[in-house]
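>>> could you work out the structure for the sequence below:
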Amino acid sequence: MLISTSRRLLILLLLTLLSAGLIPSALAQTDISLHISELNIESFPKISLFAQVTDDRGYRLLGLTSDNFRILEENAEASGIEVRETTVGSRIVFALNTNFGLRIRDTLGNSRFDLTRQVLLDWWRLPEFNRVGVDDLSLIAIDGTLQSHSRAAVNLATALDHHQPTFPDEETGYEFLFQALDFTADRPPNIGMPSYLVFFTALSTPPEDTTVMNIITRAQSNETAIFPVLLGEEDVLDQPEAVILNQIAEETGGQVILFNDDEGLDQLIDLVISQRTQYSLSYTSQIIDSGPHEIKVQLIIDDTEAASAVRNFVLEIQPPEITLLQPPREIIRSSDDPSTPLDEIQPTSIDLEFAKTFPDGFPRELTLSQLLIDGVVVNQRDAPPYERLVWDLRPLLQSEEHTIQVFVVDSFGQESASDIHRVQLEVELPPRGLVAIRPALGSLLLALGVLLVGTIMAAILLTYGRRPLKIA
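Okay, here's the model as predicted:
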């Protein structure tokens, strides 16, 4: 078929514009997949999450920085995003459909189960899977659970090496696959840890549609990618029975793999290894209200953009609880020194301290603390240390009862007050006027009395000393 000159020119122009980047490529918009984990809000307002960024083959994209990510919190862009690469491991369920389909042997006498066992033993011997505590690994077969949530691949290798399947004649493939999802129903040990179900099977009779949809729905709910590994002839993928496995794989984020004895499972192993490290994103949230909230993440790499699904979370923010620490029951102000000014009668002030706790589990700073005496603010702090307040006693010169209470505001704007505490203030003023000299007055009078008596006695003695003696 001939193409007209004008159409050739139009095609050439479009290709030129596309290569120059003047026309956005639709393919470039869909090559990258971005998935985010559930949110970690234990240190709120610090929020952290993991971002899984993959290319069209399922491999993780390397070398991304904070410049490549945007976090939208309630449609407002968050600032101060920190990005680092973190090893989270992987949760893998190895499900072996060991019915009659895996009993079939090749020309060398090896059964499909033998081939499966060997390729898995080779997998678990890799240095990347020899580290204990990194992965969460389960191994199940039709005959039962061989290993459940083991943190060491060597445990699976030992169990599989000693396992002798019974190869039942029943069609159990899809029911078994549905049950295998029990092992990814709970949260993984690490936030951000991807979950895989590697399903070794021969072709099985198609189940009811509801069963297939139940498998897909449950896998999506568990965020588990299903990778069916088909054991059979080279044309097995062309069989009608393979369509269902393709549907399950595609809708859960996995892919069907035709087992090849020469290549093994190198492609799947490389994919899993690449995803054991994820991008950790953290930022300080600006949300201060209780209730449901949502965030999503956008990825920008040159002219390519991708966006995650929305993640919802619920905050239950409560006011802090304030407790006065050892408040006094009685305060006595007194002085025996009449020269003491009234405003210097001790004590002139007392320090009051309080403790704060956060029942919502989100520790945070205060922005204001106030000391209320009889309901009136007498001291406040708008900078640390907030937990120490001073009560000035100098204006108080009468004995009476007072009430003490602390009021605070935290960084979320939550207000709280302590319980009211009652204290008795006793004021003993220093003596003034005659009262002030009364202690010395008695001594003075006594001294004057003694002096007077002495004077009288001296006068008497002098009088008798001057009188002439009578001569008989």
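>>> ramachandran angles for the closest residue to Glu171 other than its chain neighbours?
Counting by C-beta to C-beta, 6 or more residues apart in numbering, Glu171 lies nearest to Thr205, which is 5.0 Å off, once chain neighbours are set aside. No exception for glycine: its C-beta is placed from N, CA and C like everyone else's. Per-residue torsions, Thr205: phi -60, psi 130 (degrees, to the nearest 10).
>>> isn't Thr205 right up against Glu170?
No - the pair Thr205 / Glu170 is not scored as a contact, 10.5 Å apart, by C-beta atoms under 8 Å.
>>> circling back to that earlier point, report pLDDT for the residue nearest to Glu171.
Per-residue confidence (pLDDT) for Thr205: 82.
>>> and the helices in the protein?
Secondary structure of the chain (DSSP state H): helices at 5-19, 26-30, 112-124, 153-162, 173-180, 209-222, 241-252, 266-274, 434-466.
>>> give me the buried positions along the fifth one.
Same thing as helix 173-180. Gly173, Tyr174, Phe176, Leu177, Phe178, Ala180 (16 or more other C-beta atoms under 10 Å).
>>> identify the residues contacting the residue nearest to Glu171.
Contacts for Thr205 were tallied using C-beta atoms under 8 Å, 6 or more residues apart in numbering; they are Glu171, Gly173, Glu241.
>>> what do you get if the cut-off is 10 Å, keeping everything else the same?
Contact analysis of Thr205 by C-beta atoms under 10 Å, 6 or more residues apart in numbering lists Glu171, Gly173, Tyr174, Glu241, Ile244.
>>> distance of the third one from Pro207?
In other words, Tyr174. 4 Å (C-beta to C-beta, to the nearest Å).
>>> return every residue with contacts to both of these two.
Joint contacts of Tyr174 and Pro207 (C-beta under 10 Å, 6+ apart) are Asn214, Ile215, Ile244.
>>> so what's the residue count around the first one?
Residues within reach of Asn214, counting by other C-beta atoms under 10 Å, total 15.
>>> related to what we said a few turns ago, for Leu372, state which of the shared contacts of Tyr174 and Pro207 is nearest.
Asn214 (61.6 Å; C-beta to C-beta).
>>> residue contacts, Gly192?
36-38, 40, 48-52, 86-89, 275, 277-281.
>>> tell me how far the residue nearest to it when sequence neighbours are not counted lies from Glu38.
Of all residues not flanking Gly192 in the chain, Phe50 sits nearest, at 2.8 Å (C-beta to C-beta, 6+ apart). Look at Phe50 and Glu38: by C-beta to C-beta, they are 9 Å apart.
>>> and for the two, which residues touch both?
Ile191, Gly192.
>>> which of the two has more residues huddled nearby?
Phe50 (22 against 15).
>>> and the more buried one, what are its bridge partners?
Beta-bridge pairing for Phe50 (DSSP bridges): Ser280.
>>> close enough to count as contact, it and Glu223?
No - Phe50 is not in contact with Glu223 according to C-beta atoms under 10 Å; the separation is 11.6 Å.
>>> ok, Lys250 - contacts?
Actually, residue 250 is Glu rather than Lys. With C-beta under 10 Å, 6+ apart, Glu250 has these contacts: Ile216, Ile226, Val256.
>>> thought Phe354 was touching Leu324?
Yes - counting by C-beta under 10 Å, Leu324 is a contact partner of Phe354 at 5.2 Å.
>>> what touches both of these two?
Residues touching both Phe354 and Leu324 (C-beta under 10 Å, 6+ apart): Leu389, Val406, Ser418.
>>> most neighbours of all those residues, which one?
In the shared contacts of Phe354 and Leu324, the most neighbours by other C-beta under 10 Å go to Val406, 26 neighbours.
>>> give me the distance between the closest residue in space to Glu428 that isn't next to it in sequence and Ser349.
Counting by C-beta to C-beta, 6+ apart, the nearest residue to Glu428 once its immediate chain neighbours are dropped is Ser334, at 3.6 Å. For Ser334, the distance to Ser349 (C-beta to C-beta) stands at 15 Å.
>>> next: Asp382.
Taken as C-beta to C-beta, the span from Asp382 to Ser349 is 20 Å.
>>> cool, and Met193?
Applying C-beta to C-beta, the value for Met193 to Ser349 is 57 Å.
>>> same deal with Ile244?
Taken as C-beta to C-beta, the span from Ile244 to Ser349 is 81 Å.
>>> residues touching the residue nearest to Leu61 when sequence neighbours are not counted, list them.
Leaving aside its chain neighbours, Leu61 sits nearest to Val53 (4.6 Å; criterion: C-beta to C-beta, 6+ apart). By C-beta under 10 Å, 6+ apart, the contact list for Val53 reads 32-36, 59-62, 64, 68-69, 275, 278-279, 297, 299, 301, 306, 308.
>>> and the residues you listed, which of them are buried?
32-36, 60-61, 64, 68-69, 275, 278-279, 297, 299, 301, 306, 308.
>>> tell me how many other residues surround the residue lying closest to Arg117 once chain neighbours are set aside.
Nearest residue to Arg117, sequence neighbours excluded (C-beta to C-beta, 6+ apart): Leu160, at 5.7 Å. Counted with other C-beta under 10 Å, the neighbours of Leu160 add up to 21.
>>> and for Ala153?
Neighbours of Ala153 (other C-beta under 10 Å): 25.
>>> that one touches Asp136, doesn't it?
No - taking C-beta under 10 Å as the definition, Ala153 is not a contact partner of Asp136, at 11.0 Å.
>>> any shared contact partners between these two?
By C-beta under 10 Å, 6+ apart, the residues touching both Ala153 and Asp136 are Ile92.
>>> thinking again about what came up before, against Gly101, how distant is the residue nearest to Glu171?
10 Å.
>>> next one: Leu62 from Glu82, what distance?
18 Å.
>>> just put the buried residues of helix 173-180 in CSV and tack on pLDDT and distance to Phe113.
Output for the buried residues of helix 173-180, formatted as CSV (pLDDT from 0 to 100; distance: C-beta to C-beta, whole Å):
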residue, pLDDT, distance to Phe113
Gly173, 86, 14
Tyr174, 91, 19
Phe176, 94, 15
Leu177, 95, 17
Phe178, 95, 21
Ala180, 97, 17
